[in-house]
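In: The following comprises the amino acid sequence and a computationally predicted model.
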Amino acid sequence: MATVLMKIKDIEDEMARTQKNKATAHHLGLLKAKLAKLRREILAPSSSKGAGGAGEGFDVTKSGDSRVGLVGFPSVGKSTLLNKLTGTFSEVASYEFTTLTCVPGVIRYRGAKVQLLDLPGIIEGAKDGKGRGRQVISTARTCNCILIVLDAIKPITHKRLIEKELEGFGIRLNSETPNMTFRRKDKGGINFTSTVTNTHLDLETVKAICGEYKIHNADISLRFDATADDLIDVIEGNRIYMPCIYVINKIDQVTMEELEILDKLPHYCPVSAHLEWNLDGLLEKIWEYLDLIRVYTKPRGMSPDYEDPVILSAKKCTVDDFCQRIHKDMVKQFKFALVWGSSAKHKPQRVGREHQLEDEDVVQIIKKV
């Protein structure tokens with residue numbers, strides 16, 4: 001492990017020394033590929049008892065409709081935030097590392113049950129196994145959204161430090177899966193095509209990165225101006241792309257001028273967990289970033305059940321997804337569905353399993369006799 005960390009440090013130092021321009025793009029791409037391979041060695045489950053304890057203690061059962069993780073340095077107010085939002089008790093004290101394990105709670109909002117995880121504070125170097133960093137970030141990878149909690153009275157550079165730790169663990173914040181196709185083949189060499197003008201990648205750089213992974217035959221097609229990092233992420237294939245909200249806590253301790261500067265940060269939400277300022281605004285933002293929709297059920301001959309909606313992701317919200325969410329056997333018995341709401345052309349509309357549902361639609365399933 002020590003040797004791998006030394007190699008990582010040597011490569012990072014060399015990258016820091018290298019100027020970024022067209023002449024060095026090939027060399028930097030190669031270094032980034034080597035770095036990604038070394039990071040994968042660290043992230044692989046270790047059989048040794050050291051290295052941050054792989055997997056012990058953070059086995060929290062996933063429950064509810066979605067999962068949100070609180071990530072941040074020690075003593076920024078993560079536990080207070082969990083206590084105020086969920087009513088779950090997580091120990092709060094004025095010293096660092098009060099929370100030593102993962103404490104789950106449940107937020108009930110707009111009929112959805114959102115599991116909120118209070119993760120222990122991470123330290124710089126967590127991605128390299130320092131502290132319990134591996135466990136914290138491994139649990140963060142299982143979330144649907146991450147809240148990075150920052151202290152308003154501490155340097156805003158803490159934001160970049162936490163991002164660096166999460167990126168080192170293969171988590172890509174507020175970004176989409178790269179729009180490129182990568183397909184290995186048996187022969188024919190590297191075939192590199194692009195539908196747009198590339199300013200970061202050329203054939204030589206692509207061949208060098210693929211060569212580092214011992215890939216000598218592949219078809220690579222770009223549909224956007226990709227970087228070497230994007231190509232490495234696609235080759236690695238284990239990256240997780242998730243939304244993230246930067247929760248600036250303790251805003252009661254800063255001036256209005258400082259708050260106006262913080263207001264320029266993208267994906268940001270100012271709160272004071274202790275005084276319960278803007279917690280409603282935070283819940284609204286969590287709902288927006290989770291991108292969920294509510295669908296109400298209507299039994300035949302009865303009124304719709306508006307108390308207990310079925311929660312679906314806006315990316316997977318067909319009638320088929322709705323049936324699967326209720327019970328797997330319902331798909332086999334499905335005949336057609338009646339839909340009321342914004343997705344229906346008339347009320348009700350008779351639809352099949354492929355029909356796309358929208359927020360607050362009402363659905364009645366008609367089964368085969």
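Out: Yes, it's here.

In: what about L282, neighbour count?
Out: Counted with other CB atoms under 10 Å, the neighbours of L282 add up to 20. In this view, the C-beta of every residue, glycine as well, is placed from N, C-alpha and C.

In: so it touches V247, yeah?
Out: Yes - here L282 reaches V247: they are 6.5 Å apart, a contact under CB atoms under 8 Å.

In: hey, what's in contact with both of those two?
Out: Shared contacts of L282 and V247 (CB atoms under 8 Å, 6 or more residues apart in numbering): C269, V271.

In: what residues does the longest strand anywhere in the chain touch?
Out: For the chain, the longest strand by residue count, based on DSSP state E, is strand 305-313. In this structure, residues lying in contact with strand 305-313 by CB under 8 Å, 6+ apart are 65-66, 111-113, 291-299, 321-322, 325-326, 357.

In: give me every residue that touches the residue positioned nearest the centre of the chain.
Out: Residue closest to the average C-alpha location in the chain (CA atoms, centre = their mean): M242, at 2.4 Å. Taking CB under 8 Å, 6+ apart, we find M242 in contact with C143, N144, C145, I146, I171, R172, L173.

In: before we move on, what about N238?
Out: Counting by CB under 8 Å, 6+ apart, N238 makes contact with R40, G170.

In: Likewise for E204?
Out: With CB under 8 Å, 6+ apart, E204 has these contacts: H26.

In: element containing it?
Out: Of the helices and strands defined by DSSP states H and E, E204 is found in helix 203-212.

In: picking up where we left off before, out of the contacts of strand 305-313, which are inside helices?
Out: Among these, the members falling in helices (DSSP state H) are D321, F322, R325, I326.

In: Those into a markdown table, with extra columns for distance to L5 and pLDDT?
Out: Listed next are the ones in helices among the contacts of strand 305-313 as a markdown table, based on distance: CB to CB, whole Å; pLDDT from 0 to 100:
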| residue | distance to L5 | pLDDT |
| --- | --- | --- |
| D321 | 44 | 94 |
| F322 | 48 | 94 |
| R325 | 44 | 92 |
| I326 | 49 | 90 |
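
In: Just the buried residues from those residues, in PyMOL please.
Out: Only the buried entries of these go into this PyMOL selection, using 16 or more other CB atoms under 10 Å:
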select buried, resi 321+322+325
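
In: Kindly indicate which of the ones in helices among the contacts of strand 305-313 lies nearest S343.
Out: For S343, the nearest member of the ones in helices among the contacts of strand 305-313 is F322. The distance, counting by CB to CB, is 11.3 Å.
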